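Undergrad: Got a predicted structure here, sequence first:
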Amino acid sequence: MRGDRQRALIIAETAAFIGLIAIGSWISIPFLPVPLTLQTMFVLLAAIVMKRYAVIPATLFILFGALNLPVFHNGTSGIGVLLGPTGGYLVGFIPAALVAGLAYEKRALAWNIAGICAAEAFIYTLGAGWLAFSTGMSLLQATVIGVLPFLPGDAVKAWAAHSIGKRIPSNDMIQAGDDEPVGGERP
């Protein structure tokens, strides 16, 4: 029975985080060439809550957008968005969710911080690399335009995700309560 409960929790969290990442795409600050959105905060929060399973909502989010569901920035969608200048940042959500999720399986703060930094590095590396490739600019130009301006905002979003994640009960805590009968009485 536990396997079914765990599977149901993963499905529910997956649906919730796909929705949150999509909502985060609507909350944005106009910026060139890539808008500053809350998507990355919700990808990190998914990793903090779901651990390694955060790769599921990140992957499905990208897949839904590629299949023309309006989940990308301001309701855009389609493979053209992924092939456009912002596509690398979006695809970077997948390894970012996995790396941060694996790091959050460790309870040490140092691992958690390293996981968030590595996740951001994946997003920036794939994003700036694709930005350079798709626009014809140099990698240095893509980094100056597509990474440096976003570092302070992403640091705040990473801190916010970590702070929120600390307040959400972990799956371990939820499962620990499964053995207790309803009403708190022991047989």
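TA: All right, it came through fine.
Undergrad: following the longest helix seen in the chain, which helix or strand shows up next?
TA: Longest helix in the chain, counting residues (DSSP state H): helix 109-135. Next helix or strand after helix 109-135 toward the C-terminus (DSSP states H and E): helix 139-146.
Undergrad: Same question for the following helix or strand past that next one: list its buried residues.
TA: Using DSSP H and E, the helix or strand that follows helix 139-146 in sequence is helix 151-167. By 16 or more other Cβ atoms under 10 Å, the buried positions in helix 151-167 come out as 153-154, 157-158, 161-162, 165. Any C-beta I mention is one placed from the backbone N, CA and C, and that applies to glycine too.
Undergrad: if we can go back for a sec, could you say what helices and strands the longest helix of the chain packs with?
TA: The contact analysis (3 or more Cβ pairs under 8 Å, 6 or more residues apart in numbering; DSSP states H and E) places helix 109-135 against helix 39-50, helix 87-91, helix 93-104, helix 139-146, helix 151-167.
Undergrad: What would the fourth one look like as CSV? C-alpha coordinates only.
TA: The reference is to helix 139-146. Extracted in CSV, the C-alpha atoms of helix 139-146 (Å, rounded to 0.1, in the frame of the first residue of the first chain):
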residue,chain,number,x,y,z
LEU,A,139,29.6,32.9,-26.0
LEU,A,140,31.1,35.8,-24.1
GLN,A,141,28.4,38.2,-25.4
ALA,A,142,25.7,35.6,-24.6
THR,A,143,27.1,35.3,-21.0
VAL,A,144,27.2,39.1,-20.6
ILE,A,145,23.7,39.5,-21.9
GLY,A,146,22.0,36.3,-20.8
